[in-house]
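Enquirer: I would like the atomic coordinates for the input below:
(one chain, ligands or ions: 1)
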Amino acid sequence: MSTVGERPVVIVTGCGSGIGWELARVLRQSHEFRVAVTARKHHREQLEKQFHPDADFRLYDLDVTDESDIYRVVHEVCRTWGRIDSLINNAAVCYRGVVEHMDSESERKQLETNYLGPMTLVRAVLPIMREQRSGQIINVSSASGFLAVPTMGSYSASKHALEGATESLWYESRPFGIKVNLLELGFVNSHSFQKVVLSKKAEISSAVEGPHAEFYATITPFIEKFMSLSPATPEKVARKIVRVLKSPPSRLRVSLTPDAVLFAIVRKMVPSALFNRMAYWTLPGSKTWGRSWRLKTVGRYVS
Ligand SMILES: NC(=O)c1ccc[n+]([C@@H]2O[C@H](COP(=O)([O-])OP(=O)(O)OC[C@H]3O[C@@H](n4cnc5c(N)ncnc54)[C@H](OP(=O)(O)O)[C@@H]3O)[C@@H](O)[C@H]2O)c1
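Expert: As a prediction, this is how the structure comes out:
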């Protein structure tokens, strides 16, 4: 890590809300790091008011889908502090819809934010960390990085992509003293579900009771309920991430919430064919999926 007496330099993305905001707060309180808090420009005023930036705690406007923004921020951080010890790729979006209802624009944005952007950041900091012979890359993932539920296919794909590349990176970085961790979260009791974007076709399908209406009617409240019941809050998650910062585990995957631990065990222990069937029948409302469509089409043939 950084030389004796110097506080490590950390870059965090997506600090405008949720876990990123709490991470900024916890890191600010700890006084153990020099922190580059980044978020999209529209969060700037609110972040300035809350955190009162100073020489060791700086704010940067960063849209992770903008490659020139990424290199500008990494360059500025390096010019300011002369090193980068940790990168936390936290920013993400969630576009929802069954596969048939996703559109290419939303798919592209999801991948740009959750996979391509984080990978560009990784590429921007890696040469610096390699020169230092030390560094740490933390990619915030999800149980959706190793399993998928209906209406979350696109988000799951983005986190699967992040997990795949991060696993390769774990091997590729090790000889250069760079630690790599994938933090897998389950349900977090936060407002982030309010930011989830339902695709246009998904909205229409729900309104007119299209063939997939029951998927939205059952999975949406299921996710909302589990999020609101979860003991994991953004603050608790942020504190755990700071622990990972202070003593990086040598293993790649770290489950950060109790349900993520459970999901990971079940996914590993139960053979895939059985797992998918089990999940199908245990997911709430699965018995009703496609029912209105079946009734309508039966009616069509009968009349
Ligand atoms: N909450 C959960 O239950 C849960 C579960 C599993 C994994 N996770 C993961 O945890 C991480 C944090 O999520 P959260 O719960 O804190 O959600 P959140 O409150 O929605 O935070 C995500 C942050 O990412 C930012 N962001 C989105 N697009 C961006 C872009 N192009 N450039 C820069 N920032 C961007 C958002 O800012 P804007 O306001 O500008 O959009 C927002 O501040 C994510 O990686 C998420 O996938 C969360």
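Enquirer: and the strands in the stretch 1-150 of the chain?
Expert: Ranges of strands in the stretch 1-150 of the chain, per DSSP state E, counting those that start in this stretch, are 9-12, 34-39, 57-61, 86-89, 95-96, 135-142.
Enquirer: any chance you could map the helices in the chain?
Expert: For the chain, the helices defined by DSSP state H cover 18-30, 44-51, 67-81, 104-111, 117-132, 153-173, 200-208, 213-229, 234-246, 258-269, 272-282, 291-302.
Enquirer: and these as JSON lines, adding mean neighbour count, mean pLDDT and distance to A36?
Expert: All C-beta atoms are positioned from the backbone trio N, CA, C, and that covers glycine. Listed next are the helices of the chain as JSON lines, based on neighbours: other CB atoms under 10 Å; pLDDT from 0 to 100; distance: least, CB to CB, whole Å:
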{"stretch": "helix 18-30", "mean neighbour count": "21", "mean pLDDT": "98", "distance to A36": "10"}
{"stretch": "helix 44-51", "mean neighbour count": "14", "mean pLDDT": "98", "distance to A36": "12"}
{"stretch": "helix 67-81", "mean neighbour count": "17", "mean pLDDT": "98", "distance to A36": "5"}
{"stretch": "helix 104-111", "mean neighbour count": "16", "mean pLDDT": "97", "distance to A36": "24"}
{"stretch": "helix 117-132", "mean neighbour count": "19", "mean pLDDT": "98", "distance to A36": "11"}
{"stretch": "helix 153-173", "mean neighbour count": "19", "mean pLDDT": "98", "distance to A36": "20"}
{"stretch": "helix 200-208", "mean neighbour count": "16", "mean pLDDT": "92", "distance to A36": "36"}
{"stretch": "helix 213-229", "mean neighbour count": "17", "mean pLDDT": "94", "distance to A36": "29"}
{"stretch": "helix 234-246", "mean neighbour count": "19", "mean pLDDT": "98", "distance to A36": "13"}
{"stretch": "helix 258-269", "mean neighbour count": "15", "mean pLDDT": "97", "distance to A36": "27"}
{"stretch": "helix 272-282", "mean neighbour count": "11", "mean pLDDT": "95", "distance to A36": "40"}
{"stretch": "helix 291-302", "mean neighbour count": "11", "mean pLDDT": "73", "distance to A36": "50"}
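Enquirer: which of those sits closest to the ligand?
Expert: The ligand sits nearest to helix 18-30 of all the helices of the chain, at 2.2 Å, using CB to the nearest ligand atom.
Enquirer: tilt between that closest one and strand 57-61?
Expert: Relative orientation of helix 18-30 and strand 57-61, computed by axes from the mean of the first three to the mean of the last three CA atoms, to 10 degrees: 150 degrees.
Enquirer: got a list of contacts for helix 18-30?
Expert: 10, 12-15, 33, 35, 37, 39, 47, 50-51, 57, 88, 90-91, 140, 188, 190-192, 234-235, 237-239, 241-242 (CB atoms under 8 Å, 6 or more residues apart in numbering).
Enquirer: so which of these reach the ligand?
Expert: With CB under 6 Å from any ligand atom as the criterion, the contacts of helix 18-30 include 13-14, 39, 90-91, 140, 188, 190, 192, 234 near the ligand.
Enquirer: which of those has the weakest pLDDT?
Expert: Taken together, these show their lowest pLDDT at S192, with 86.
Enquirer: residues touching it, list them.
Expert: 17-18, 94, 227.
Enquirer: how close does it get to A165?
Expert: Counting by CB to CB, to the nearest Å, the separation of S192 from A165 is 23 Å.
Enquirer: again with E112
Expert: E112 is 14 Å from A165, by CB to CB.
Enquirer: next: H75.
Expert: H75 is 23 Å from A165, by CB to CB.
Enquirer: near the ligand, which residues of the stretch 101-250 of the chain are found?
Expert: Within reach of the ligand by CB under 6 Å from any ligand atom, the stretch 101-250 of the chain has these residues: 113, 140, 142, 185, 187-188, 190, 192, 195, 227, 234.
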